[in-house]
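# Below are the sequence and a predicted model; questions follow.
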Amino acid sequence: MTAKPFDRTRHKTDYPGVFWIAGTRKGKEGPEKIYYIIYKHQGKLHEEKSGRQYQDAMTPAKAARIRARKIDGTEPTNKEIREKKLIEDERKRLEEAAIANRWTMDRLFHEYLASKSNTLKGITTDRNRYQKHLKSPFGLKTSDEIIPLDLDRLKRNLLKTHSSGTVRNIMELLRRLINWGVDQDLFNRPALKFNLPDQSPARIEVLTDKQFQNLVQVWASYHDRHVVNMHRLIAWTGMRPSEVCRLEWTDLDQENGVLIKRDTKGGGNVGLRMNNTVNSILSEHRELIESSSEPMRTSKFIFPRLDGKQRHPDGWRKRVRQILKLAGIPDNIRPNYVLRDTIATSMLSDGAGLEEVGYQLGHKVGSTATRRYADFDRGAKQRIVERSQNVLEKKLNGSKVIDLESRRGKGP
C-alpha cells in the first residue's frame, strides 16, 4: 500500500525567515518537519533546506541561528558548499587518475612478474627480495623519484646484516625492474648510477669423505623415503633442487638411459645420461610411489606432494636440514647445493675436465659457475697445465698427433 503524501504547505514559525513543510519520516511511520530558511547574502536571495526534525535534530531556533551565520557570511551558502564539493571531487578524481598513471615500483613489479611468470627463473626469490627489501623504501616511488642517496642508504643498511653478494642481488633486481620499464617505453631512463657492492668470492661447500659416508648411513634409516630419494638423486646427478621437483615420469627414457631435465636454468630441456646408481634410486622410488596414496600414484611428477601436485624446494628443506644434522654436518651448510659442489669438486679431483663437470651440473660451456670449481681445486689447474705440457712434448718427441685440419669435413 502506497503511503499518502503529506501536504507541502509552508508553515511559518516564530523566527523570521524560517518555515517548515511536512515530510515522511525515513524508516519510520509518521510525519516529520523539514525546516527551510530564507535569507539574503551579498544581494542575492537564497532559500535552503536547513535540516529535518528527527534525523538532524533540527528546531526553529537552530535553523534561525544557521540563517544568521549565513547572512553575515560566517557559514557558506548551500550553493557554495555544493560548488566546493564539486571542486574537491574533481581534484580527488584528477589525483587518483595521476596516481593510476604513475609507474611506481609496486605497479612496475606487478607488471614485470605478470609478463615474466612463465619464463623468469627464480621468480619466488625475486618476489621475496622485493617484498622484504625494496617495497618499503621504493614501492610508492617512481624511477624519477629515486635519488642516488636512496640507493646509497639501501646498500649501507643491507650490508650491516647481509653479505655483499646478497646486497648485490637485491640492488640488481631494482636495476632490472627499471631497465624493463624503460624497454617497455613506460618512462624515460632515469639518471641513476647503481654502484653495486663488489662481487664476493663464490661460496663453495664440499663434504669430506667422512661426512658423505655419514650422510649415506642416515639416508638408509631416515623415515621420509620420498625426501631421501630426492636428496640422493641430487647427490648422484648434481641436479638442482628445482629440477628434481619438476621431474615427470615421462622424462625418463629407460631404454636409452637418459633423464630429461626440464626448463633448466641454462635454458630449455637437457638430457642427462643415468648411471646404475641413479637407475637404482628411481626404481626404488617407483616402488615407493606405488604404495603411496592415490594422488601420489596418479601424479605425473616423480616426487609429488601428498596431493599429487608439484613440490617446491622450500617445502622439504626442513627435512633435508634434519638429515644433515643427523649426519653431523654443520647447519650453516646449504643442504642441497653442498651436494652439487661436492660432486663437481670430486670430479675435478679425479681428473675430469670443466666441460664434463658443466655437463653433469647443467652449466653452459665456459660459464663462470663452472670455472669457479677449477679456482677452488688448485689441483685441477695444475692438471690442466701438465696436460698442455704433455701434448706439446708428444709433438716434440714425434708422437702421433691428430691433424685436426685434415679431419675437417670428414666423419668420425
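Here it is on my side, so go on.

# any idea which helix or strand of this structure has the worst average confidence?
helix 404-407 (a mean of 44; mean pLDDT, DSSP states H and E).

# Confirm that residue 245 sits in a helix.
Yes. Residue 245: assigned to a helix according to DSSP: H, G, I helix; E, B strand; the rest coil.

# I'd like to know how far it sits from residue 303.
6 Å (CB to CB, to the nearest Å). For glycine as for every other residue, the C-beta is placed from the backbone atoms N, C-alpha and C.

# Next, show the common contact partners of these two.
Taking CB atoms under 8 Å, 6 or more residues apart in numbering as the contact rule, residue 245 and residue 303 both touch residue 311.

# Walk me through the domains of the chain.
Domains of the chain are assigned by automatic domain parsing as 11-97, 105-183, 209-387.

# Would you format those domains as JSON lines with mean neighbour count and distance to residue 197 included?
As requested, the domains of the chain are exported to JSON lines (neighbours: other CB atoms under 10 Å; distance: least, CB to CB, whole Å):
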{"stretch": "domain 11-97", "mean neighbour count": "14", "distance to residue 197": "38"}
{"stretch": "domain 105-183", "mean neighbour count": "15", "distance to residue 197": "4"}
{"stretch": "domain 209-387", "mean neighbour count": "16", "distance to residue 197": "17"}
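
# Format those domains as TSV; extra columns: distance to residue 394.
Below are those laid out as TSV (distance: least, CB to CB, whole Å):
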stretch	distance to residue 394
domain 11-97	77
domain 105-183	43
domain 209-387	11
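
# Could you pull up the residues touching residue 159?
By CB under 8 Å, 6+ apart, the contact list for residue 159 reads 167, 197.

# Show the model's pLDDT score for the nearest residue to residue 226 once chain neighbours are set aside.
The shortest distance from residue 226 to any non-neighbouring residue, by CB to CB, 6 or more residues apart in numbering, is to residue 303 (6.3 Å). pLDDT, residue 303: 94.

# which sections of the stretch 201-350 of the chain are below the confidence cut-off?
201-202, 265-268 (pLDDT under 70).

# CA-only coordinates of the longest helix along the chain in PDB, if you can.
Secondary structure of the chain per DSSP state H: the longest helix is helix 78-101. The C-alpha trace of helix 78-101 is given here as PDB (Å, rounded to 0.1, in the frame of the first residue of the first chain):
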ATOM      1  CA  ASN A  78      24.400  25.600   0.400                       C
ATOM      2  CA  LYS A  79      25.300  26.600  -3.200                       C
ATOM      3  CA  GLU A  80      28.800  27.400  -2.100                       C
ATOM      4  CA  ILE A  81      29.000  24.100  -0.200                       C
ATOM      5  CA  ARG A  82      27.900  22.200  -3.400                       C
ATOM      6  CA  GLU A  83      30.400  24.100  -5.600                       C
ATOM      7  CA  LYS A  84      33.200  23.500  -3.100                       C
ATOM      8  CA  LYS A  85      32.300  19.800  -3.000                       C
ATOM      9  CA  LEU A  86      32.300  19.600  -6.900                       C
ATOM     10  CA  ILE A  87      35.800  21.200  -7.000                       C
ATOM     11  CA  GLU A  88      37.100  18.800  -4.300                       C
ATOM     12  CA  ASP A  89      35.600  15.800  -6.000                       C
ATOM     13  CA  GLU A  90      37.300  16.800  -9.300                       C
ATOM     14  CA  ARG A  91      40.600  17.400  -7.500                       C
ATOM     15  CA  LYS A  92      40.400  13.900  -6.000                       C
ATOM     16  CA  ARG A  93      39.500  12.400  -9.400                       C
ATOM     17  CA  LEU A  94      42.500  14.100 -11.000                       C
ATOM     18  CA  GLU A  95      44.800  13.000  -8.200                       C
ATOM     19  CA  GLU A  96      43.500   9.400  -8.400                       C
ATOM     20  CA  ALA A  97      44.000   9.400 -12.200                       C
ATOM     21  CA  ALA A  98      47.500  10.800 -11.800                       C
ATOM     22  CA  ILE A  99      48.300   8.100  -9.200                       C
ATOM     23  CA  ALA A 100      46.800   5.400 -11.500                       C
ATOM     24  CA  ASN A 101      49.100   6.600 -14.300                       C
END
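
# contacts for the next helix or strand along the chain from it?
For helix 78-101, the succeeding helix or strand toward the C-terminus, using DSSP states H and E, is helix 105-116. Helix 105-116 has contacts (CB under 8 Å, 6+ apart) with 120, 123, 126-127, 130, 134-135, 138-143, 174, 177-178, 180-181, 186.

# on that earlier part again, did I read that right, the residue nearest to residue 226 in a strand?
No. Assignment of residue 303 by three-state DSSP gives coil, placing it outside any strand.

# Show the contacting residues for it.
Applying CB under 8 Å, 6+ apart, the residues contacting residue 303 are 226, 229-230, 244-245, 247, 285, 311.

# now with 7 Å?
226, 230, 244-245, 247, 311 (CB atoms under 7 Å, 6 or more residues apart in numbering).

# Tabulate the residues you listed (CSV), appending distance to residue 155.
As requested, those are exported to CSV (distance: CB to CB, whole Å):
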residue, distance to residue 155
226, 42
230, 37
244, 35
245, 33
247, 39
311, 35
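
# Looking at these, which two lie furthest apart in space?
226 and 247 (12.6 Å; CB to CB).
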